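# Quick check, what structure comes out for this input:
(2 chains)
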Amino acid sequence: MLFNSIEFLFIFLPVLLIIFFKIGKYNRRLAAAWLAIGSLIFYSWWNPIYVILLVFSITFNYQIGRTLARAIHLNTVQRKRLLTFGVACNLALLGYFKYANFFIHSINTSLGTSIELANIILPLGISFFTFTQIAFLVDAAHGKAKEFNFIHYTLFVTYFPHLIAGPVLHHKEMMPQFGLKSTYQLNPRFITVGLTIFALGLFKKVVLADGVAPYASPLFVSAEQGEVVTLLQAWGGALAYTLQLYFDFSGYSDMAIGLSYMIGVRLPLNFNSPYKATSITEFWRRWHMTLSRFLRDYLYIPLGGNQKGPARRYVNLMSTMLLGGLWHGAGWTFVIWGGLHGVALVVHQAWSGWRVRRGHRLDHRTLSGRAASIALTFVVVVFGWVFFRASSYEAAMGIVSGMLGLHGVSMPDVIAMRMGPLAPWMTAHGLVLTAGGGRDFAMTFFWVATLLPIVFLAPNTQQIMQRFSPVLDYQDTAALTRFAWTDSSRWALAMAVVLSLALLSLTRPSEFLYFQF
Amino acid sequence: MTRYRTTWLLATGLFLLVVAVTNLLVDPYGIFRLVDSEGFNRIKPAAATRGPMAKAYQVLRVQPKTLILGNSRAEVGLDPNFPGWPQSARPVYNAALPGTGTATSLRYLRHVLDANAGSPGNQPTLVLWGVDFMDFLVDPNKPSPTSNTTADNAESNRLMTASEGKRWRQRLRDYAESTLTLAALMDSLQTLANQRNPYAIDLTPLGFNPMHDYIKISTDEGYWSVFHQKDLQYEKTFERLPKGIFSASGDTSSHWEDLKEIMRLCRQHGIELRLFTYPYHVHMLDTFRKTGHAQKLELWKLAIAKAIADEAIASGKAPYLLWDFSTLNSAMAEPVPPKGDHKSSMRWYWESGHFKSELGNQMLEQILTPKK
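Sure, this is the predicted structure:
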């Protein structure tokens, strides 16, 4: 079930919450169990069989984790072995479902073999529930996991707001919240604020992301078919995808935060206006923050982090980013994407190091310097997304060369016709005019021009909702109160427009393609 | 915070209500037809691209005496308001749908027949069906897909052939999506903005697409350009199409089965079925030659004639009538104005695949007054 589906919004959510708060009045354990069952139903909507897998994974990890934390008779070696066993089982499960096909395909391509494997369907959210539980095992082994209530544990893993698309939760921040009495009491204030955050997220997803999406895909489809893409087409599509991905993913995270807030449970922040980052390092502190945090704590730091000299630090960074790339999807394009970010991070770290040695103050920036840093970071990220989205290396390179201008510049003739005297000048300088596609071309740049100012200038959801600290461990003390939400009538009307537009965009009448015309 | 919540939810409800009422009245897809007023909402630019939805509901409202079936060639070429239709054949509904083949024609015929099952007096008495060579092409080496007229998709579920439950759900969905969506609101605004635009694309209440948009395209770009673009496109499409007209299993395929079934249904309901082939412009015939389809076209016509004759023998009734408009004549050879000529118009064709209703009217004259 998706948050932006009618059955979730109008059936699942109200029923789940009403029963939850009713039970919560009398029995908190039962209410928590109901929330966990509800979350499993939410998950099973997509494919009931995989609920068994999820339940197995939870039971297994809970048992191992508890043994690791509580069995005093285990010595360090035994503890380490048990932890390795637990982590290996999780990785094996993830490896089988997510990477087996990729692995076999890579072998077949490089060795010319034709080994076949039944097509494995990736269980939804497997990367998320595997990662959260690996973190739990590691912390349990180090004595950092304190609470072992099975219902709270199950709820922490299955908790429906985060189950499918994150944020990547941490047991330390979630399980105590499930123990609070206030979580089980209906609080109209939490419902209102949560619903407001949810509406903002829904708007970002169904109006903005789904609105720009149709102008991103055609570029990647033509590149896959080996068609040559020219400069404007390549940039239009790549920017459209950059915006689609951000509004889609951050909108989804906002919805998760809002849903959880209705129950009074705060989730960690996942996006903090990432495209406003002035460096690639900062970008990763703002984009999919809970994943970055996980990779830092459970991969980068265990590898040695920055404690073993600059060379080792760069190797650790690269390894983390390459694996992080592979985590996003089983394909070489994802590895390349991770690699690109790894290189960018290494370059940025080296550059900053060099500047510090020269006595520059990194926090001193002019406005134009800031703008240039944001622009440079953004351009690197856009190039990265091309690899992230393209289905093959060849397709990605086709688009990248288009973006670099290697395939020339073209434009629909109807657009050129409206440019007045500029058109003949441009055609004289190599602009190629193409027939058809004028509307899509214009719409692509209309959407890009509308959404870019939002990602660069507008406050984000938690800045708007700052008075209610909707997320954990994040306090934006910067002014911005001008845009901060209050329960005024003006905000009520503005939110009515936001919610109506979002509800009106949940679905659209099926369109018919004239394939003979 | 209570006041905020109340204001917020009430305003949202009100906003949604305003949108729903606007869409209901403007009716961009022509499925409600509560208000039909010239200068307000008569022209339906958004309905033209949503034929399957619009026509499924419209055809039941019209209760036609004559039903036109076929693909886009029939949709834009055969005018239900042609003055030559005899009174007894009116109202005429053009249920032809772009990009569809024999299976859809069969489905829509069943849809109309099932809708009037209880009242035979409301059944159509005449069916005109444009059979297209392109729709019969199959790869003899591949198993022929069987015509699935009960597929579980929106296009099947809204027809009378679907179970009542499915139909009810689909209708609810269509009505909701035509009123309570932003896309419908944008289409309503587009509808309002285009009422005085003589070149607006349209789908009339009788299912006809008059191709007004092509008048502008052909003057802006010139007929040469339109023909050229379409010819290239058709060639690319036809290259990919199979070259056979029968499956390996014998002289049949799902398309021939659809043909038999349509003939059987018409016989069963006492409907007069008149079939015709389309007048392809010579550019299109030339494309058939280039892509290796030309000879098959002739064989296909013979096979159609044979199927009709076989049915007549089996039923012991007079054979259905078939008009062959695909044999070269002067209209089909109408010269295309030269490149750069944006002034000259063409009398019979929009482009090589689609004839104008002027030619369609001539065809109708022949079809409606058969020489015994």
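# Next, find the distance separating whichever residue of the stretch 201-350 of chain B sits closest to chain A from B:Arg347.
Nearest residue of the stretch 201-350 of chain B to chain A: B:Gln229, at 6.0 Å (C-beta to the nearest C-beta). For the C-beta atoms, the positions are set from N, CA and C on the backbone; glycine is no exception. Distance, B:Gln229 to B:Arg347, by C-beta to C-beta, to the nearest Å: 20 Å.
# which of these two has more neighbours?
Using other C-beta atoms under 10 Å in any protein chain shown as the criterion, B:Gln229 and B:Arg347 rank with B:Gln229 on top: 15 against 9.
# Regarding the closest residue to that one other than its chain neighbours, what are the backbone dihedral angles?
Excluding its sequence neighbours, the residue lying closest to B:Gln229 (C-beta to C-beta, 6 or more residues apart in numbering or on different chains) is A:Ala435, at 6.0 Å. When read as degrees, to the nearest 10, the backbone of A:Ala435 gives phi -90, psi 140.
# What is the burial count for A:Ala435?
Neighbour tally, A:Ala435, other C-beta under 10 Å: 14.
# got the contact list for it?
By C-beta atoms under 8 Å, 6 or more residues apart in numbering or on different chains, the contact set of A:Ala435 is A:412-413, B:221, B:225, B:229.
# For the host helix or strand of A:Leu345, buried residues please.
Assigned by DSSP states H and E, A:Leu345 belongs to helix A:332-357. For helix A:332-357, the neighbour count (16 or more other C-beta atoms under 10 Å in any protein chain shown) marks A:332-346, A:348-349 as buried.
# same deal with stretch A:7-27?
A:8-9, A:12-13, A:16-17, A:20-21, A:23-24.
# Endpoint to endpoint, stretch B:208-215 covers what distance?
The straight-line separation of the ends of stretch B:208-215 (C-alpha to C-alpha, to the nearest Å) is 16 Å.
# How far does that stretch sit from its chain's centre?
Chain-centre distance of stretch B:208-215: 14 Å, with C-alpha atoms, centre = their mean, to the nearest Å.
# quick check, it touching chain A?
No. Judged by C-beta under 8 Å from any C-beta of the partner chain, stretch B:208-215 makes no contact with chain A; its nearest approach is 10.3 Å.
# how near is the residue of the stretch 201-350 of chain B closest to chain A to B:His283?
B:Gln229 is 12 Å from B:His283, by C-beta to C-beta.
# Same question for A:Ala88.
Separation of A:Ala88 from B:His283 (C-beta to C-beta): 67 Å.
# Likewise for A:Ser391?
Per C-beta to C-beta, A:Ser391 is found 36 Å from B:His283.
# Pick out whichever of those two has more residues nearby.
The neighbour comparison of A:Ser391 against B:His283 (other C-beta under 10 Å) goes to B:His283, with 21 against 13.
# now that one: how far from B:Leu232?
According to C-beta to C-beta, B:His283 and B:Leu232 sit 11 Å apart.
# and if you look at A:Phe445?
Where B:Leu232 is concerned, A:Phe445 sits at a distance of 27 Å (C-beta to C-beta).
# check contacts around whichever residue of the stretch 1-150 of chain A sits closest to chain B.
Nearest residue of the stretch 1-150 of chain A to chain B: A:Ile6, at 8.9 Å (C-beta to the nearest C-beta). For A:Ile6, the contacting residues are A:506-507, by C-beta under 8 Å, 6+ apart.
# show me what contacts the closest residue to A:Tyr159 other than its chain neighbours?
Leaving aside its sequence neighbours, A:Tyr159 sits nearest to A:Ser39 (C-beta to C-beta, 6+ apart; 5.8 Å). A:Ser39 makes contact with A:155, A:158-160, A:163 under the criterion C-beta under 8 Å, 6+ apart.
# which SSE is A:Ser39 in?
Using DSSP H and E, A:Ser39 maps to helix A:28-44.
# roughly how far is that helix from the heart of the chain?
25 Å.
# close enough to count as contact, A:Trp46 and A:Met1?
Yes. Between A:Trp46 and A:Met1 there is a contact at 7.0 Å, judged by C-beta atoms under 8 Å.
# Between the two, which has more neighbouring residues?
Between A:Trp46 and A:Met1, counting by other C-beta under 10 Å, A:Met1 is the more crowded of the two (18 against 14).
# Break down the stretch 151-300 of chain B into its strands, ranges please.
With strands called from DSSP state E, counting those that start in this stretch, the stretch 151-300 of chain B shows them at B:272-277.
# so where's it shaky on pLDDT?
Along the stretch 151-300 of chain B, the parts satisfying pLDDT under 70 run over B:151.
# Please list the residues of the stretch 1-150 of chain A that sit near chain B.
Counting by C-beta under 8 Å from any C-beta, no residue of the stretch 1-150 of chain A is near chain B.
# what sits up against stretch B:304-314?
B:131, B:256, B:259-260, B:263-264, B:267, B:275, B:277, B:318-320, B:322.
# so after the helix holding A:Ser39, what's the next helix or strand?
Next element after helix A:28-44 (DSSP H and E): helix A:49-70.
# so what does that next one touch, helix or strand wise?
Packing partners of helix A:49-70 (3 or more C-beta pairs under 8 Å, 6 or more residues apart in numbering or on different chains; DSSP states H and E): helix A:28-44, helix A:76-94, helix A:126-141, helix A:150-158.
# Can you show me the CA trace of the shortest one as CSV?
Listed next in CSV are the C-alpha coordinates belonging to helix A:150-158 (Å, rounded to 0.1, in the frame of the first residue of the first chain):
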residue,chain,number,x,y,z
PHE,A,150,9.5,-8.1,21.6
ILE,A,151,6.4,-6.2,20.7
HIS,A,152,8.3,-2.9,20.7
TYR,A,153,11.1,-4.5,18.7
THR,A,154,8.6,-5.9,16.1
LEU,A,155,6.9,-2.5,16.0
PHE,A,156,10.3,-0.7,15.6
VAL,A,157,11.1,-2.9,12.5
THR,A,158,7.6,-3.0,10.9
